[in-house]
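1. Quick one, fold the following:
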Amino acid sequence: MSRGRYLIALTSASMLLVSVAGSSARQDAEHHQQRGAQIYLQDCAGCHGSRGDGQGLERILDSIRPPDFTLGEVRYKTTVAGALPTPDDLLKTVTYGVLRTSMPYHTDLGDHDRRAVV
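-> Alright, predicted model coming up:
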């Protein structure tokens, strides 16, 4: 095989590997997002609402209304006022819950699942 054909074959093989890897990464991200949505609907939507607007049917059981995520409301975060929380802020709330509210801790979920919800 000539050097030119070798380089073309090598480039083509590299592009194929990158394409396959990219496709796999997209599939992993889609699965992660779908898993998070599934857990949210099962464990969170009762209070936070299926759209994240804080209008879940179980919210009436608590005197403190759930935050409206569609407006960017989050009670506990490390960022400045007006800024969105970090994923770690949200992960901490999901993991440990909020004392004196109906927001439970979710240490029963694995780290991967808690991150999927976030």
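
2. where does this protein dip in pLDDT?
-> For the chain, the stretches with pLDDT under 70 are 1-22, 60-61.

3. how about the helices in it?
-> For the chain, the helices identified by DSSP state H occupy 3-39, 45-48, 87-96, 111-117, in order along the chain.

4. Need the phi and psi values for the residue lying closest to Asp88 once chain neighbours are set aside.
-> Spatially, and ignoring its direct neighbours in sequence, Asp88 is nearest to Thr78 (7.7 Å; CB to CB, 6 or more residues apart in numbering). Placement of C-beta: from N, CA and C, glycine included. According to degrees, to the nearest 10, the main-chain angles of Thr78 amount to phi -100, psi 0.

5. Can you give me the neighbour number for Thr78?
-> When neighbours are defined as other CB atoms under 10 Å, Thr78 has 10 of them.

6. Also Val117?
-> For Val117, the neighbour count with other CB under 10 Å is 19.

7. Roughly how far does it sit from Tyr96?
-> Computed with CB to CB, to the nearest Å, the distance linking Val117 and Tyr96 is 14 Å.

8. Tell me which residues of stretch 46-60 come out buried.
-> Taking 16 or more other CB atoms under 10 Å as the neighbour-count basis, stretch 46-60 is seen to contain the buried residues Gly46, Cys47, His48, Gly49, Gly52, Gly54, Gln55, Gly56, Arg59.

9. Can you lay out the residues you listed as JSON lines showing distance to Thr70?
-> As requested, the buried residues of stretch 46-60 are exported to JSON lines (distance: CB to CB, whole Å):
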{"residue": "Gly46", "distance to Thr70": "17"}
{"residue": "Cys47", "distance to Thr70": "14"}
{"residue": "His48", "distance to Thr70": "10"}
{"residue": "Gly49", "distance to Thr70": "9"}
{"residue": "Gly52", "distance to Thr70": "6"}
{"residue": "Gly54", "distance to Thr70": "8"}
{"residue": "Gln55", "distance to Thr70": "10"}
{"residue": "Gly56", "distance to Thr70": "13"}
{"residue": "Arg59", "distance to Thr70": "14"}
